[in-house]
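Here you go, sequence then predicted model.
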Amino acid sequence: CSWSKRRVGSWFFTTTSPTPFLDISTSVSSNGERGLLSVAFHPDYASNGFFFVNYTDGAGDTRIVRYTVSVDPDRAEGGSASAVLTVPQPFSNHNGGQIAFGPDGMLYVGLGDGGSGGDPQGHGQNPLTLLGSMLRIDVDGGMPYSIPASNPFVGDAGAAPESWAVGLRNPWRFSFDRQTGDLYIADVGQSEIEEISVQRAGSGGGENYGWNTMEGSRCFATASCDMTGLVLPGFEYTHAEGCSVTGGYVYRGQAIPSLRGRYLFADFCSPWIRSLDTASGSLTDLFDHTPDFGPVSRIVSFGEDHRGELYVISLDGVVYRIVE
């Protein structure tokens with residue numbers, strides 16, 4: 001795409017080329033939490049031209065499709081669609097929807113619990129379903145994909161082999177720390193708690209993040225519960241401060257030294273951007289950047305470029321880049 005730039009305060013505003021890289025609007029159902037939810041470029045995109053798209057189709061189900069860039073680097077080959085994975089969605093919300101390649105070259109897929117409220121179909125604690133889980137698949141090892149032999153549930157007849165972790169309600173944005181390889185998962189809560197969990201790079205997967213036995217560090221809908229084997233959040237906040245966490249990235253860029261090693265995140269319902277220090281191995285030193293950045297409404301995602309610089313995406317239709 002061609003870009004024009006206009007600097008205002010702590011943000012760069014950009015406009016894109018009027019010709020879209022890919023138009024799949026006739027295949028996508030939208031409204032509410034449905035729509036085009038994520039795009040992930042293959043680590044070898046420069047040589048193979050593959051990229052992957054996660055969207056909700058006309059039936060409201062999750063579809064992950066591979067496309068290929070055309071001879072024009074600013075245009076995808078529209079007829080190159082190759083289906084990778086379809087997951088039926090029983091309700092219209094909690095699609096999760098992000099896909100991202102990990103440092104290991106595997107494609108990770110965040111899926112919500114299927115929707116409604118309170119996980120009525122029990123997907124979060126049902127390891128046989130793909131819903132309410134973080135998936136890990138190998139898109140280079142077979143067509144449409146293969147199961148990595150190192151996935152934690154391989155050989156377990158009581159669990160889906162694609163699953164890397166379970167017990168998620170609606171993982172609304174996850175990211176890998178490009179320096180450490182740690183995985184940060186922001187999981188949207190029900191009515192009380194928003195949470196951020198950290199899976200260390202040395203993990204072999206298989207974590208159970210608790211939903212719907214737990215909402216954050218609290219038992220859900222009961223006074224007491226069995227917490228055995230459940231992983232509690234690295235950080236959480238209540239609905240007194242927001243209502244829907246939007247996960248971001250650990251900043252590893254060069255432009256803003258004061259942010260290095262801090263995990264930035266936001267909340268869809270509140271116009272703040274905050275960060276946590278990750279240097280100690282824990283999420284500490286909560287800091288509110290809103291006085292510096294100014295309020296930004298309806299933040300739905302963050303982005304990271306090849307230099308480690310960060311972007312902020314608002315549902316109001318604006319993409320911002322954070323600058324010194």
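It's in.

what's the distance between residue 67 and residue 107?
In this view, residue 67 and residue 107 are 14 Å apart by CB to CB, to the nearest Å. All C-beta atoms are positioned from the backbone trio N, CA, C, and that covers glycine.

Strands of the stretch 1-150 of the chain, start to end?
Assigned by DSSP state E, counting those that start in this stretch, the stretch 1-150 of the chain shows strands spanning 4-8, 11-15, 36-41, 50-56, 62-69, 76-87, 99-101, 107-110, 133-137.

now the ones you listed in TSV, with mean neighbour count and distance to residue 215?
Written out in TSV, the entries for these read as follows (neighbours: other CB atoms under 10 Å; distance: least, CB to CB, whole Å):
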stretch	mean neighbour count	distance to residue 215
strand 4-8	9	39
strand 11-15	15	34
strand 36-41	18	23
strand 50-56	22	25
strand 62-69	21	23
strand 76-87	16	23
strand 99-101	20	25
strand 107-110	26	18
strand 133-137	26	17
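
Where among the ones you listed is average confidence lowest?
When the strands of the stretch 1-150 of the chain are compared on mean pLDDT, strand 4-8 scores lowest, with a mean of 46.

quick one: residue 24 from residue 37, how far?
From residue 24 to residue 37 the distance is 12 Å (CB to CB).

and if you look at residue 191?
As judged by CB to CB, residue 191 and residue 37 stand 23 Å apart.

lowest-pLDDT helix or strand in this protein?
Using mean pLDDT, DSSP states H and E, strand 4-8 stands out as the lowest-scoring helix or strand of the chain, at a mean of 46.

Let's check: the centremost residue of the chain is which one?
With the centre of the chain defined as its mean C-alpha position, the nearest residue by CA atoms, centre = their mean is residue 173, 2.4 Å away.

Does it touch residue 246 like I think?
Yes - with contact taken as CB atoms under 8 Å, residue 173 and residue 246 are classed as touching, separated by 5.8 Å.

Now do the shared contacts for these two.
The contact sets of residue 173 and residue 246 overlap at 186, 301-302 (CB atoms under 8 Å, 6 or more residues apart in numbering).

Output the residues you listed in TSV, with pLDDT, distance to residue 54 and secondary structure appended to each entry.
Conversion of the shared contacts of residue 173 and residue 246 to TSV gives the following (pLDDT from 0 to 100; distance: CB to CB, whole Å; DSSP: H, G, I helix; E, B strand; the rest coil):
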residue	pLDDT	distance to residue 54	secondary structure
186	98	17	strand
301	97	12	strand
302	98	16	strand
